[in-house]
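Trainee: I need the structure of the sequence given here:
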Amino acid sequence: MGIMRKEKQCRVAPSEFGSQTEFGNQGVSQGDQGPIGRGAFTLVEMQVVLFIVILLAAMLVAFAPRLADRQKVAGGASQLQEWLLIAKSKARRDQIATGVRLQRVNQTDQNDPDYFRFKELQYIQQPDDFFVQPRGSDAQNQYKVRKLQIRNTAPNVNNMAVLESPVPLGAADFYGGFGGTEASLWPVQAGDYLEIKGGGLVHRILRIPNSVTLVLEGNGTPYPITIPTEDYRIIRRPRLLTGEKALTLPKDIAIDGNKRPGPWVYPPIDPRAAGEERNLCQGLAGTLDIIFSPAGGVISQGITQDRIIFWVRDVSLDNPQDGEPVLICIDVRTGFISAHPVNQDGILSNQTSLFSFTRDGKASGI
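Mentor: Residues are numbered from 1 along each chain as shown. From the prediction side, this is the model:
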């Protein structure tokens with residue numbers, strides 16, 4: 001009986017080294033061979049994995065272009081918003097009216113949709129008003145304004161503003177001492193405005209044929225300026241900032257101002273639009289100027305609305321609402337710049353509701 005109890009005590013439980021045995025040494029002997037493992041995947045398993053990889057790749061090819069298009073439009077709108085914010089910051093820092101000049105894609109053909117699209121921007125600043133101020137020969141030897149008069153030589157001929165003659169001592173001129181071929185350096189340039197007697201109509205300067213003559217837009221004056229006067233000023237248009245490179249939106253991304261059913265840009269840039277909106281922010285021919293004052297507000301000429309809204313989209317798409325276009329909104333009074341999605345639900349109701357998110361910033365998702 002004693003021997004039987006000892007044999008029972010020698011039994012061991014199943015172990016990782018082998019199956020259950022009568023004696024522990026046999027289990028260890030079988031465990032020396034190690035566990036039995038798998039050699040490789042079966043053919044069916046390989047086919048299933050390959051099918052899943054191909055399916056995922058097909059889904060990526062189908063949806064990747066859409067994701068890229070969304071990023072392209074959003075990225076272009078973000079760049080435009082950033083450039084506007086930089087111009088506004090420059091105006092506050094330098095205490096000089098500063099902004100951006102938008103260049104039309106096609107600056108000549110108004111029948112081309114690209115005439116109402118803008119892709120390239122440049123930083124600009126508004127210089128002070130200009131007076132031709134030579135050092136006179138009077139007793140006090142003070143700076144004097146060189147006198148000017150307006151002439152109209154013949155009917156249907158543009159008026160001309162001419163500096164007084166003979167030339168006083170130390171007289172300056174419209175070239176500012178620069179040569180006749182250095183027009184970009186002249187203190188007075190085509191596109192500036194001449195104001196006489198402190199108010200009334202201003203005369204746009206078309207060209208400067210020589211250092212003492214301005215050719216003005218239109219003919220006839222509200223009052224004769226036959227006697228040379230010092231009571232005038234030249235309101236100079238914004239100038240490009242020296243050393244600043246042109247800023248270009250990404251490929252196929254542009255501010256679209258084409259006139260279609262509904263105000264795709266509000267107010268529309270299209271000069272064929274009715275009423276005072278046609279002169280919105282007009283700069284030189286083929287350009288659009290947005291100018292911020294040092295206080296932050298927009299002071300571009302011709303603005304009578306409370307907001308400027310740019311429709312930024314992928315112009316390679318025929319439908320202007322495809323590709324998730326973005327609205328960049330500038331509050332004219334405060335200069336606040338914001339980005340908003342287009343209210344696509346407005347297509348089914350009132351076209352103006354496409355811009356409803358710009359009225360309520362909390363309603364947009366950007």
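
Trainee: so where's the stretch 251-366 of the chain uncertain?
Mentor: 259-286, 346-353, 360-366 (pLDDT under 70).

Trainee: what are the ranges of the strands in the stretch 201-350 of the chain?
Mentor: 202-210, 213-216, 232-235, 239-240, 247-248, 253-256, 287-292, 307-314, 326-331, 337-341 (DSSP state E, counting those that start in this stretch).

Trainee: Which one of those lies nearest to Leu121?
Mentor: Comparison of these against Leu121 by CB to CB identifies strand 247-248 as nearest, at 4.4 Å. In short, each C-beta sits where N, CA and C put it, glycine included.

Trainee: looking only at pLDDT, what's the mean for the closest one?
Mentor: Per-residue pLDDT over strand 247-248 has a mean of 95.

Trainee: That strand packs against which elements?
Mentor: Under the contact definition 3 or more CB pairs under 8 Å, 6 or more residues apart in numbering; DSSP states H and E, strand 247-248 sits against strand 117-125.

Trainee: thinking again about what came up before, the strands of the stretch 201-350 of the chain: which one's closest to Ala57?
Mentor: strand 307-314 (25.5 Å).

Trainee: got the angle between that closest one and strand 117-125?
Mentor: 130 degrees (axes from the mean of the first three to the mean of the last three CA atoms, to 10 degrees).

Trainee: Check which residues of stretch 229-237 are buried.
Mentor: Tyr232, Arg233, Ile234, Ile235, Arg236, Arg237 (16 or more other CB atoms under 10 Å).

Trainee: ok, the residues you listed vs Val73, which is closest?
Mentor: Using CB to CB, these come closest to Val73 at Arg237, 31.8 Å.

Trainee: Report the separation between that closest one and Pro320.
Mentor: Distance check for Arg237 against Pro320: by CB to CB, to the nearest Å, it reads 31 Å.

Trainee: And Gln125, by the same measure?
Mentor: Counting by CB to CB - Gln125 and Pro320 are separated by 33 Å.

Trainee: Ok, Asp345 next?
Mentor: 16 Å.

Trainee: Equivalent analysis for Thr181, please.
Mentor: Distance from Thr181 to Pro320, by CB to CB: 44 Å.

Trainee: do the same with Ile235
Mentor: 37 Å.

Trainee: And the helices in the stretch 251-366 of the chain?
Mentor: 356-359 (DSSP state H, counting those that start in this stretch).

Trainee: circling back: between Thr181 and Pro320, which has more neighbouring residues?
Mentor: Pro320 (18 against 7; other CB atoms under 10 Å).

Trainee: ok, the more buried one to Gly76 distance?
Mentor: 14 Å.

Trainee: Ok, Leu317 next?
Mentor: 13 Å.

Trainee: Same question for Phe178.
Mentor: Distance from Phe178 to Gly76, by CB to CB: 38 Å.

Trainee: Which of these two has more residues huddled nearby?
Mentor: Taking neighbours as other CB under 10 Å, Phe178 and Gly76 compare with Gly76 leading, 24 against 15.
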